[in-house]
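please work out how this folds:
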Amino acid sequence: MGSRLGILCLVALSLWSILQGSGYYQVMDCCVRTSPVPIPAHYVRDYQEQHIQEGCPVQATIFITVRGRHLCAPAHARWVKHLKARLDQRHHHQRASWSPS
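Residues are numbered from 1 along each chain as shown. Below is the predicted model:
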């Protein structure tokens with residue numbers, strides 16, 4: 001009986017290890033804090049929102065730089081809202097210029 005329990009535990013541990021390694025349990029990258037320092041617009045190419053409801057500890061805007069870095073900013077800061085609007089306008093303009101007339 002004891003050997004069956006040992007084998008069962010070994011199988012369960014192996015299965016858990018396989019699931020972890022295969023990416024079955026995906027860990028979300030989250031900002032754990034934000035920086036109040038404004039980011040120059042020419043460094044940023046895009047952004048995404050981070051929400052507490054998604055399991056992250058803080059509400060944040062993640063700016064993606066032209067070099068691919070992710071910079072965490074406070075979602076409700078005035079400079080963040082201005083930078084997001086500027087990026088939205090830039091993306092809208094780029095999409096409009098590529099659409100067929």
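
contacts and neighbour counts: CA atoms only from here.
Fine.

and the closest residue to E49 other than its chain neighbours, what is it in contact with?
Counting by CA to CA, 6 or more residues apart in numbering, E49 lies nearest to T61, which is 4.7 Å off, once chain neighbours are set aside. T61 sits next to 47-50, 72-75, 80 when contact means CA atoms under 8 Å, 6 or more residues apart in numbering.

give me the buried entries from the residues you listed.
Buried members of the contacts of T61, counted by 16 or more other CA atoms under 10 Å: 47, 50, 72-75, 80.

need those residues in JSON lines with distance to D29 and pLDDT, can you?
Shown next, in JSON lines, are the buried ones among the contacts of T61 (distance: CA to CA, whole Å; pLDDT from 0 to 100):
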{"residue": "Y47", "distance to D29": "14", "pLDDT": "97"}
{"residue": "Q50", "distance to D29": "10", "pLDDT": "95"}
{"residue": "C72", "distance to D29": "11", "pLDDT": "97"}
{"residue": "A73", "distance to D29": "15", "pLDDT": "97"}
{"residue": "P74", "distance to D29": "16", "pLDDT": "97"}
{"residue": "A75", "distance to D29": "17", "pLDDT": "95"}
{"residue": "V80", "distance to D29": "20", "pLDDT": "98"}
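
which one of those residues is nearest C30?
Looking at the buried ones among the contacts of T61 and their distance to C30, the nearest is Q50, at 7.4 Å (CA to CA).

so that closest one sits against C56, correct?
Yes: applying CA atoms under 8 Å, one finds Q50 in contact with C56, separated by 7.2 Å.

overlap in contacts, these two.
30-31.

returning to that earlier point: among the buried ones among the contacts of T61, which ones are in helices?
Under the assignment DSSP state H, the buried ones among the contacts of T61 contribute V80 to helices.
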